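# give the three-dimensional model of this entry:
(one chain, ligands or ions: 1)
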Amino acid sequence: MDRQEVEILAIGAGPANLALAVAVEELAGPELAAQTLIIEQHDDILWQRGMLLPWTQSQVSFLKDLVTLRNPRSEFSFLNYLHSIGRLDEFINLGSFTPYRLEISGYLQWVAESLRDVRIEYGKRCVSVDPVVSDDGGVHHWSVRTADGGQIICRTLVIGTGRDPHIPTEFGALPRNRIIHSTEYASRATALDPDGAHRILVVGGAQSAAEMFWAAYQGFPNAQVTMVMRSIGLNTYESSKFTNELFYPSFVDEFHAALPEAKEQLLREMHRTNYAGLAPGMLETLYREMYQQRLLGVERLHMITMTEVTGARLDGDEVVVSLTDRKTRRTRELRCDVVLLGTGFVRDMPKLIRELAAAAGVSGATVDRNYRMNLPPSYTAGCYLQGVNEATHGIADSLLSVLAIRAQEIVYDLLAHRKPAPAPALALRTS
Ligand SMILES: Cc1cc2nc3c(=O)[nH]c(=O)nc-3n(C[C@H](O)[C@H](O)[C@H](O)COP(=O)(O)OP(=O)(O)OC[C@H]3O[C@@H](n4cnc5c(N)ncnc54)[C@H](O)[C@@H]3O)c2cc1C
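Just a heads-up that it's a prediction; the model follows:
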């Protein structure tokens, strides 16, 4: 069995842990950086691989890359990436602050390849994390198991695995080949016959659902594509420059210190800045296309609003979805071949973190201001959680906007906690 020991283990090579890797190299020095390992379940790095469609753009400025807000002189900036691949002139000429998702994705892979000391191991999926109880009764190390049977012992963990996809229970009875969550769209939609006369149902009313609606319409020219949503209709996301200030990394302090009712108001009022809306260009494109179809009398795009999916079953070769109109509570059935879920992500902590909290004997995973998990006093082994602390650190927590500064806060905090720990016992006891 493959077994190794490192000082810092970061799980997931998404933007959050790549920002951390750069911060470790730039702020903590080569010795600690060489003792830092990132494991990534895939064989490469792709940003939002399920929705990495060629025409999709990032919704935040390229200046909110992995480093610039922390260190504008860093060599790991998005601009340096463009310079290194010879596309800086063209990007400037495009005159846009929001790069294509493909460009952000290329940038992330470039950062990963440009790291000097921090290592990344690909094709390693973490399946469990356990505290290692040492002879003095304290927990100074974690034991991480990977799907390939490997074990990694570390003193500090940083979990940046994103959030778990939300599959509404109504779809629980359908076979897996009939539902595609947005996180899998790019890889699994290709299994459908491109010329097939599919009846495709898209569930959801926000950006990912709208993108799948458009991608399915374009990718399957003989398909009928229907979108069903609870809301009164598609809307753009809220983009006021005034409320956008709440995405500043400096706002995290204010949010963290706010009263519970103020936090609730902030999250409620900020909801449409991130979750419930579409980019204006997408909205215009969809509306114009549907208008033209009506004009020509050849409708392939359909929208059902104010409607809930209340059940789904397989009948022969067809998926039968029960739809309940929220205006009348009347229910009807809709038959289709495949369901695309733009239903977002589970709000709770990811399963891996919930299991870790349970193994550490704490009820619920919570972090302090510096993202360090609150663990029993006997723990000197630290665990930092990235991207899952919206409830305590604000709406920007899952976004690129705060990554550069958050990585710095985590690195400074883990340096402050660094004390020599007893070496892990050869025969490890995990609680
Ligand atoms: C479609 C879509 C578009 C978005 N667009 C924007 C945008 O324009 N701007 C913005 O700021 N934010 C956007 N976001 C939010 C997005 O969450 C962040 O941009 C960013 O990707 C968060 O980075 P992360 O590293 O926390 O998580 P992720 O990007 O989700 O990365 C997590 C990584 O961990 C890996 N991983 C997961 N589980 C394991 C495991 N058990 N073992 C090993 N590896 C594992 C994954 O393969 C992945 O590489 C978007 C989100 C979606 C879904």
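# show me what from this structure comes close to the ligand.
Within the chain, the positions adjacent to the ligand are 11-17, 39-42, 48, 51, 58-60, 125-126, 160-162, 208, 352, 386-387, 398-401 by CB under 6 Å from any ligand atom. Heads up, the C-betas are built off the backbone N, CA and C, glycines and all.
# what does the pLDDT read for the most centrally placed residue in the chain?
Taking CA atoms, centre = their mean, the centroid of the chain lies closest to Gly162, which sits 4.1 Å from it. According to the prediction, Gly162 has pLDDT 96.
# just say helix, strand or coil for it.
Of the three states, Gly162 takes coil under DSSP: H, G, I helix; E, B strand; the rest coil.
# which residues are in contact with the residue in the stretch 101-250 of the chain that the ligand sits nearest to?
Scanning the stretch 101-250 of the chain for the residue nearest the ligand gives Gly162, at 2.4 Å (criterion: CB to the nearest ligand atom). By CB atoms under 8 Å, 6 or more residues apart in numbering, Gly162 lies in contact with 12, 14, 345, 350, 387.
# okay, those in TSV with pLDDT next?
Converted to TSV, those look like this (pLDDT from 0 to 100):
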residue	pLDDT
Gly12	98
Gly14	98
Phe345	95
Pro350	96
Gly387	97
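# hey, where'd the helices end up in this structure?
In the chain, the segments counted as helices under DSSP state H are 15-23, 30-34, 78-84, 88-94, 101-114, 185-188, 207-219, 241-244, 251-257, 260-274, 280-296, 351-359, 390-393, 403-416.
# quick one: closest of those to Arg335.
Closest of these to Arg335 is helix 207-219, at 16.7 Å (criterion: CB to CB).
# from the chain's centre, how far out does that closest one sit?
19 Å (CA atoms, centre = their mean, to the nearest Å).
# other SSEs contacting it?
strand 199-203, strand 224-228, helix 280-296, strand 338-341 (3 or more CB pairs under 8 Å, 6 or more residues apart in numbering; DSSP states H and E).
# ok, now with 10 Å
strand 179-181, helix 185-188, strand 199-203, strand 224-228, helix 280-296, strand 301-304, strand 338-341 (3 or more CB pairs under 10 Å, 6 or more residues apart in numbering; DSSP states H and E).
# and the last one, what does it pack against?
The criterion is 3+ CB pairs under 10 Å, 6+ apart, and the helices and strands that strand 338-341 contacts are strand 179-181, helix 185-188, strand 199-203, helix 207-219, strand 224-228, strand 307-315, strand 318-325.
# and the shortest one, by the same measure?
In terms of contacts (3+ CB pairs under 10 Å, 6+ apart), strand 179-181 is packed against helix 185-188, strand 199-203, helix 207-219, strand 338-341.
# let's have these in CSV, adding mean neighbour count and mean pLDDT.
What follows is those, written out as CSV (neighbours: other CB atoms under 10 Å; pLDDT from 0 to 100):
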stretch, mean neighbour count, mean pLDDT
helix 185-188, 18, 96
strand 199-203, 25, 98
helix 207-219, 22, 96
strand 338-341, 24, 98
